[in-house]
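> model the following, please.
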Amino acid sequence: MNIRTRFAPSPTGFLHIGGLRTALYCYLWAKHNDGDYLLRIEDTDRTRYVEGSVENLINALEFCGVKHDEGPMLKDGKVVEIGDKGPYFQSDRLDIYKKYINKLLDEGKAYYCFCDKERLDKLREEQVQNKQTPKYDGKCKNISREEAERRIKNGESYVIRMALPENEDITFYDEVRGEVTINTNDVDEQVLIKADGFPTYHFAVVVDDHLMDVNYVIRGEEWLVSTPKHIILYNYLGWEAPKFAHLPTVLNKNKKKLSKRHDSVAVEDFIQKGYLPEALINYIALLGWSDPEGKEILSMDELIRDFDISRVTKAGAVFDTEKLNWVNAHYIKEKSNEELIALIKPYLLKENLVNDDVSDETMEYIVEAIKDKLNYLEESIELTKELYLKANLDELDDKAKEIMDMETNETLFENLISLFEQEKKLTPEIVSKSLKSIQKEFKIKGKALYMPTRIAISGIMHGADLTYILSILGKDEVVERLKKALNYIK
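Below you'll find the predicted structure:
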């Protein structure tokens with residue numbers, strides 16, 4: 001069997017971390033089995049549609065390397081559809097849904113409902129007060145087709161609901177949770193077609209998954225309780241239901257569901273902060289799934305090779321930003337300096353920390369100075385600012401003042417100035433050679449050598465490699481700062 005999976009988000013804003021995890025698992029399971037992975041846009045709720053969200057969604061998935069075989073793609077900035085099972089936007093499939101809803105109506109497996117919002121709200125309120133399962137009470141279920149059509153002709157607003165069998169156990173196997181049984185008495189007679197003529201998720205998803213040959217439905221656990229409705233619809237329409245796998249919820253550090261209001265959940269935000277795609281995918285893959293060998297660093301090829309839907313856990317997975325930082329830092333360290341320069345430079349240009357004419361040599365020094373401290377690329381801004389810090393010797397703290405009072409400082413600064421003035425420019429090698437020369441000749445070493453020099457230059461006692469800082473600042477700036485420090489201690 002050729003496994004076909006799909007990711008079917010609504011275009012209501014940014015791609016959520018949980019959505020990326022669902023898309024990734026759909027992609028990995030399809031590719032692990034040499035199958036197909038498609039993208040479908042479920043845009044039937046027109047009140048929640050956000051302009052540009054489809055383009056943002058596609059870009060985020062493309063950035064992360066989760067590339068679909070069918071569905072909407074971006075070509076020259078425009079959305080085009082690839083594949084022979086489309087349209088891949090539900091709003092373009094209304095005639096298709098009409099065909100199948102009419103079949104259900106004709107067979108008495110769906111019915112028109114004329115109850116208004118006020119009645120439905122009151123009904124739900126009473127059921128909650130009586131500790132009953134909130135669901136439709138079937139008031140319109142026995143209205144004849146003729147009467148319903150007469151009322152529709154007279155302009156009454158209506159929806160179409162599915163008719164459920166009474167007191168029937170619906171049992172299905174979930175690839176994550178095993179066998180699940182839910183009785184139809186605990187299931188609502190779901191609206192299939194809304195008052196605006198658009199289908200609900202529950203109807204459209206069944207029709208679309210069948211017609212698009214999706215045979216593995218991988219989605220969030222919030223849809224688990226709705227699965228019996230979908231299975232009944234498959235049976236009503238005479239179709240074979242796909243296999244189901246409902247993924248555990250992604251939680252925050254407080255073990256609560258990740259919230260748009262309280263947590264960082266937009267994939268786009270992580271991209272803008274400078275999390276690498278390979279790190280995002282690596283970490284998100286581990287939110288509910290584990291490698292059989294216990295590895296925590298895995299490439300996309302390794303994930304495809306090792307991923308098995310049966311290893312997905314039932315328990316909620318905690319999204320730990322510190323762990324993501326650790327994974328991202330690993331991939332940053334694996335980058336060459338040339339690659340890191342290309343990644344970091346846009347952040348520094350935006351903050352005017354460097355200009356377009358900055359030399360490759362200076363960028364190399366910056367990268368060498370900060371790369372071991374980077375958790376994500378945006379941190380390069382603050383770390384680079386530290387490289388350019390200028391000492392205000394009149395505002396040093398007590399510890400720094402104590403170091404600047406060392407007896408050897410005058411000899412140190414005078415000789416550094418003398419050595420640096422003889423050079424055309426400063427490089428890490430020249431700075432290191434000069435410091436070693438002073439250490440050897442004047443026996444100034446360790447704390448007495450490096451700390452006064454750093455304080456004289458930047459006003460702080462600890463920081464990035466001093467040889468790179470001095471090389472970045474350049475000969476003239478360094479000599480000027482050392483002369484000021486020399487005057488300060490005299």
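
> show me what contacts the residue nearest the centre of the chain?
Most central in the chain under Cα atoms, centre = their mean is residue 267, positioned 3.0 Å from the mean C-alpha point. Residue 267 is in contact with 14-17, 19-20, 60, 64, 280, counting by Cβ atoms under 8 Å, 6 or more residues apart in numbering. C-beta: built from backbone N, CA, C; applies to glycine.

> ditto for residue 22
If you count contacts by Cβ under 8 Å, 6+ apart, residue 22 has them with 7, 218-220, 247.

> any idea how far it is from residue 173?
20 Å (Cβ to Cβ, to the nearest Å).

> any idea how far residue 300 is from residue 277?
Plainly put, residue 277 is 9 Å away from residue 300 if you go by Cβ to Cβ.

> list residues touching both of the two?
residue 65.

> one step back: rebuild the contacts of residue 22 as CSV, extending it with secondary structure.
CSV is the format used below for these (DSSP: H, G, I helix; E, B strand; the rest coil):
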residue, secondary structure
7, strand
218, strand
219, strand
220, strand
247, strand
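
> I figured residue 7 hits residue 37, correct?
Yes - between residue 7 and residue 37 there is a contact under Cβ atoms under 8 Å: 7.4 Å.

> list residues touching both of the two?
26-27, 68.

> what's the average pLDDT for stretch 142-150?
What stretch 142-150 shows for mean pLDDT is 94.

> I should have written stretch 203-216 there, sorry.
98.

> residue 143: what's it in contact with?
Per Cβ under 8 Å, 6+ apart, neighbours of residue 143: 111-112, 114, 151.

> go on, residue 278?
65, 299-300, 331.

> I'd guess it is in a helix, am I close?
Yes - Residue 278 forms part of a helix when assessed by three-state DSSP.

> ok so, going back, top of the contacts of residue 143 by neighbour count?
In terms of neighbour count, residue 111 stands highest of these at 23 neighbours, by other Cβ atoms under 10 Å.

> for it, name its beta-bridge partners.
residue 161 (DSSP bridges).

> returning to that earlier point: mind picking the two most distant members of the contacts of residue 143?
Maximum pairwise distance in the contacts of residue 143, criterion Cβ to Cβ, is 12.3 Å, between 111 and 151.

> contact partners of stretch 41-55?
8-14, 71-72, 74, 79, 88-91, 194, 196, 198-201, 204-205.

> now do the helices in the stretch 151-300 of the chain.
For the stretch 151-300 of the chain, applying DSSP state H, counting those that start in this stretch gives helices covering 201-211, 227-236, 267-273, 277-285, 300-306.

> separation between residue 90 and residue 303?
30 Å.

> neighbour count winner among the two?
Legend: neighbour count by other Cβ under 10 Å for residue 90 and residue 303, higher for residue 90 (24 against 21).

> residue contacts, the more buried one?
Contacts of residue 90 by Cβ under 8 Å, 6+ apart are 40-44, 199, 204, 208.

> hmm, which of those is lowest in pLDDT?
residue 44 (88).

> quick one: what helix or strand has it in it?
For residue 44, there is no host helix or strand (DSSP states H and E).

> for the stretch 251-400 of the chain, what are the low-confidence residue spans?
Residue ranges of the stretch 251-400 of the chain with pLDDT under 70: 259-263.

> ranges for the strands of it?
Remark: strands assigned in the stretch 251-400 of the chain by DSSP state E, counting those that start in this stretch are 317-318.

> could you measure from the residue nearest to the centre of the chain over to residue 88?
21 Å.

> can I see the domain layout of this structure?
The chain breaks down by automatic domain parsing into domains covering 4-90+250-318, 93-212, 335-387, 393-489.

> many thanks, I have nothing further to ask.
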